[in-house]
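Trainee: Need the 3D shape of this:
(2 chains)
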There are 2 protein chains.
Amino acid sequence: MKDFVIIGNKAVNGGKISLNDLPGSAGRMDVLCRCVTSALFISFGMRRDINVWLVLKGEPGPDKIVRFNGETMRSLNPDERSSGSLIQKALLVNASEEEKQSTPGVFVRYGNLAQLLSEFEENETKRPLFYLKEDGADVLEMIQKQESALLLENGVYILGDNQGVFEEDEKTIEDRGATKISVGPISLLSSQCITLILNALDRASAETADK
Amino acid sequence: MKDFVIIGNKAVNGGKISLNDLPGSAGRMDVLCRCVTSALFISFGMRRDINVWLVLKGEPGPDKIVRFNGETMRSLNPDERSSGSLIQKALLVNASEEEKQSTPGVFVRYGNLAQLLSEFEENETKRPLFYLKEDGADVLEMIQKQESALLLENGVYILGDNQGVFEEDEKTIEDRGATKISVGPISLLSSQCITLILNALDRASAETADK
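Mentor: This next block holds a predicted model:
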């Protein structure tokens, strides 16, 4: 299982979002939609062993978490409007602290980044956290080493949106001992980083299978 | 300079396309929009040394080619609707065999894949063609070899859309001696392949710069 946590700094968390204006009035929801697509889609199907957690930190508050679960996902297409429409439906659900399913494979609840990361720690198998950051260790080099490859395969990957990760959230992430990783020499879109992480993992799995 | 050629098998080439239905009525134009974003955008800016050529092979015909030129591009955002809107404007131009600029950095003309590839050959510096295909040579391995790295850096990359590349187009590509390359063990979305190619090139440039 792999999990991607994307921090939507301005992503709205209530009301009816406009599918015709995901970048503007929905608070750069387009960034999050592209992350969902890169994490879940391959050419002829879907990655079933992945959860995408969108932390919506914008207006009107409080923060909500929308989860896209690859295993049970239905009615999702790779275009931004398709994931946007499922987020729209999730935000119209009467949310509580308990996760509720809004459409098949999409879940919503009140919650923030700190709570979410604590849950990964409290999991019966404590999950290794990875924080995408320009000065992190290169994921392609890490995957060559057996001990880090095992961790990466079971990793929770935390990424910012177009604004990056603000100081308070960075502290939350670092306090939990997340390992900083990077995907190459140039700072890229969050969705592109996800593609690169998954490709590194795909390459590692294929090598193991060859042996 | 690097060029990406994306074959839109059903992408419409005339009339006013609907930005609210890029996948359906515009013939999977969303696939092409995502390719534009992955080819041109990095985290805080745009790749200026890239052209994206969209070959629109759908209705009503004849084929048109829309070019996104990184160097002169303006008014483009990473969301699908943004590139979709520039394609929409390009398709409303009274096209001819000569390229016309529809908005800053976007050009349109009548033309098909065979013509486009011939032009790359007739270029004063004949450009090396690469064809994305599952059984191709791995781009990360190729980039390690100096002679292929030089070619890749100056490459024209040809990709299919969600339907792949049909037999006739594949023949056109192979007749021109394109080298088959791949990006990993799993067949991915065209936009994801572009991200992976550019990351391999970024890594190679950074290594060269380090030396």
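
Trainee: I believe A:Pro60 is in a strand; please confirm or correct that.
Mentor: No. Checked against DSSP: H, G, I helix; E, B strand; the rest coil, A:Pro60 lies outside a strand; its state is coil.

Trainee: Apart from its neighbours in sequence, what residue is nearest it?
Mentor: The spatial neighbour of A:Pro60 that comes closest, neighbours along the chain excluded (Cβ to Cβ, 6 or more residues apart in numbering or on different chains), is A:Gly14 at 5.0 Å. Glycine gets a C-beta too; all of them are placed from N, C-alpha and C.

Trainee: what's the answer for A:Trp53, then?
Mentor: A:Val5 (4.5 Å).

Trainee: Now for the one you found, which secondary structure element holds it?
Mentor: strand A:2-8 (DSSP states H and E).

Trainee: mind listing what that strand pairs with, with the direction of each?
Mentor: Sheet pairing of strand A:2-8 (DSSP bridges) gives strand A:50-56 (parallel), strand A:156-159 (parallel).

Trainee: need the next SSE after that strand, C-terminal direction.
Mentor: Counting by DSSP H and E, what follows strand A:2-8 is helix A:29-40.

Trainee: now that next one against strand A:2-8, angle please.
Mentor: Relative orientation of helix A:29-40 versus strand A:2-8 (axes from the mean of the first three to the mean of the last three Cα atoms, to 10 degrees): 170 degrees.

Trainee: So helix A:29-40, near chain B or not?
Mentor: Yes. Applying Cβ under 8 Å from any Cβ of the partner chain, one finds helix A:29-40 touching chain B at A:30-31, A:34, A:37-38.

Trainee: Toward the C-terminus, what is the element adjacent to that helix?
Mentor: Helix A:29-40 is succeeded, C-terminally, by strand A:41-42 (DSSP H and E).

Trainee: I'd like the average pLDDT over that next one.
Mentor: Mean per-residue pLDDT for strand A:41-42: 98.

Trainee: Now do the end-to-end distance for stretch A:119-139.
Mentor: 24 Å (Cα to Cα, to the nearest Å).

Trainee: and that stretch, how far from the chain's centre?
Mentor: 12 Å (Cα atoms, centre = their mean, to the nearest Å).

Trainee: Identify the residues contacting that stretch?
Mentor: The contact list for stretch A:119-139, computed with Cβ atoms under 8 Å, 6 or more residues apart in numbering or on different chains, reads A:3, A:117, A:151-152, A:154-160, A:165, A:173-174, A:176-184, A:187, A:190, A:193, A:196-197, A:200.

Trainee: what about 7 Å?
Mentor: A:117, A:151, A:154-159, A:173, A:176-183, A:187, A:193, A:197, A:200 (Cβ atoms under 7 Å, 6 or more residues apart in numbering or on different chains).

Trainee: Which of the residues you listed fall within helices?
Mentor: A:117, A:151, A:173, A:193, A:197, A:200 (DSSP state H).

Trainee: Chain B contacts on chain A?
Mentor: A:20, A:22-23, A:30, A:38, A:41-44, A:77-80, A:183-189, A:192, A:195-196, A:199, A:202-203, A:206 (Cβ under 7 Å from any Cβ of the partner chain).

Trainee: which residues touch A:Ile181?
Mentor: A:130, A:132, A:136-137, A:139, A:142.

Trainee: Same list (these) but as TSV, adding distance to B:Asn51 and pLDDT.
Mentor: Output for the contacts of A:Ile181, formatted as TSV (distance: Cβ to Cβ, whole Å; pLDDT from 0 to 100):
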residue	distance to B:Asn51	pLDDT
A:Phe130	35	98
A:Leu132	29	98
A:Gly136	32	98
A:Ala137	34	97
A:Val139	29	97
A:Met142	34	96
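
Trainee: Next, give me the two most distant ones among those residues.
Mentor: In terms of Cβ to Cβ, these reach their longest pairwise distance at A:Leu132 and A:Met142, which sit 12.7 Å apart.

Trainee: Which of the two has more residues huddled nearby?
Mentor: Ranked by neighbour count (other Cβ atoms under 10 Å in any protein chain shown), A:Leu132 and A:Met142 place A:Leu132 first, with 26 against 20.

Trainee: Distance check, the more buried one against B:Asn162.
Mentor: Applying Cβ to Cβ, to the nearest Å, the value for A:Leu132 to B:Asn162 is 28 Å.
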